[in-house]
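**Student:** what's the 3D shape of this:
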Amino acid sequence: MDVVRDVANIWLREMEPTLTRYLIFTVGLWLLLWVWLGPWLKARKIREQTPPGRQLVTELLFSLRSMAIFATGGVVMAFMFRAGLYPLGELANGWGPLWFGVSIVAGVIGLDAWFYWTHRLMHDPRLFRRFHRRHHRSNNPSPFTAYSFDVGEALLLFGFVIVWPMVFPMPWSAMQWVMLYQIVTNTLLHSGYELMPARRDGRPMLDFIVTTTHHDLHHAQAGWNYAAWFTWWDRWMGTEHPEYHARYARAAWRPFAPKAAPVPAE
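**Tutor:** Below is the predicted model of the structure:
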């Protein structure tokens, strides 16, 4: 009974912050962009159609299942830690705040590479139906799509959290910040609104960061744009959609673009 109680306590401890982050950012972003600011952001909306309410509820339910899987993975990690399988984390805990920040940046970059390659793997026709079809049922995504995964995809995503601290000296609490970054940006990528401002030439202000348009194109045409956080891998591997920048320019705000000349009166 003590083991069962221990497992239950760990599971709840892991589930609470994951669920809290998800609800704050998905519900908050949905309210902000789709309800409160929607009438003023029509020009930034990527698609004319809005997903039906049934889709949002379905995505929420599958996201809850994904988070339950993440929490179960956290239980596994707790017992792996007790078995001494994470010595690098204990070592990094004493390296100070500078290394703490470095490890967060390294974790985000590592997660980006992990996601790109596992994402491409899931698009293999032999794996797609079992691992990734659920996520692509949201052809027109919403903020709630962020964790709407098949079981296999949820396990693959959490696999990074298990493996990375085994090969990289990361303080234990630093991974929470990587996961915070992940859910915030993941929700934005599925928000349906292009919020990244453009340069004068129409390209994204920060062109190395994946925009909502970039990921929305993946949901519309699944053979392109596998990256989730940085555009590097898609460009290195030739998998970025050839019309990405043109599509982005249609919805992007150009704060520094020259104003149109006034039409002279006749």
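**Student:** Give me the distance between W11 and V4.
**Tutor:** Counting by CB to CB, to the nearest Å, the gap from W11 to V4 is 11 Å. Quick note: C-beta positions are derived from backbone N, CA and C, even for glycine.
**Student:** Pick out whichever of these two has more residues nearby.
**Tutor:** Neighbour count, other CB atoms under 10 Å: between W11 and V4, W11 has more, with 16 against 8.
**Student:** hang on, the more buried one packs against T72?
**Tutor:** Yes: counting by CB atoms under 8 Å, T72 is a contact partner of W11 at 6.6 Å.
**Student:** Overlap in contacts, those two.
**Tutor:** Residues touching both W11 and T72 (CB atoms under 8 Å, 6 or more residues apart in numbering): there are none.
**Student:** Now the residue nearest in space to the middle of the chain. Nearest residue, chain neighbours left out?
**Tutor:** Nearest residue to the geometric centre of the chain (CA atoms, centre = their mean): N186, 2.5 Å. Nearest residue to N186, sequence neighbours excluded (CB to CB, 6 or more residues apart in numbering): A146, at 4.5 Å.
**Student:** Over to V151?
**Tutor:** Per CB to CB, 6+ apart, closest to V151 is I69, 6.6 Å.
**Student:** Pull the residues that contact stretch 154-171.
**Tutor:** 65-66, 69-70, 73, 76-77, 80, 85-86, 88-89, 91-93, 95, 99-100, 103, 106-107, 110-111, 114-115, 118, 122, 131, 147, 149, 172, 175, 179.
**Student:** how's this structure carved up into domains?
**Tutor:** When the chain is parsed with automatic domain parsing, its domains come out as 2-36+53-192, 194-255.
**Student:** How many neighbouring residues does D150 have?
**Tutor:** So D150, with other CB under 10 Å, has 22 neighbours.
**Student:** Identify the residues contacting it.
**Tutor:** With CB under 8 Å, 6+ apart, D150 has these contacts: 130-135.
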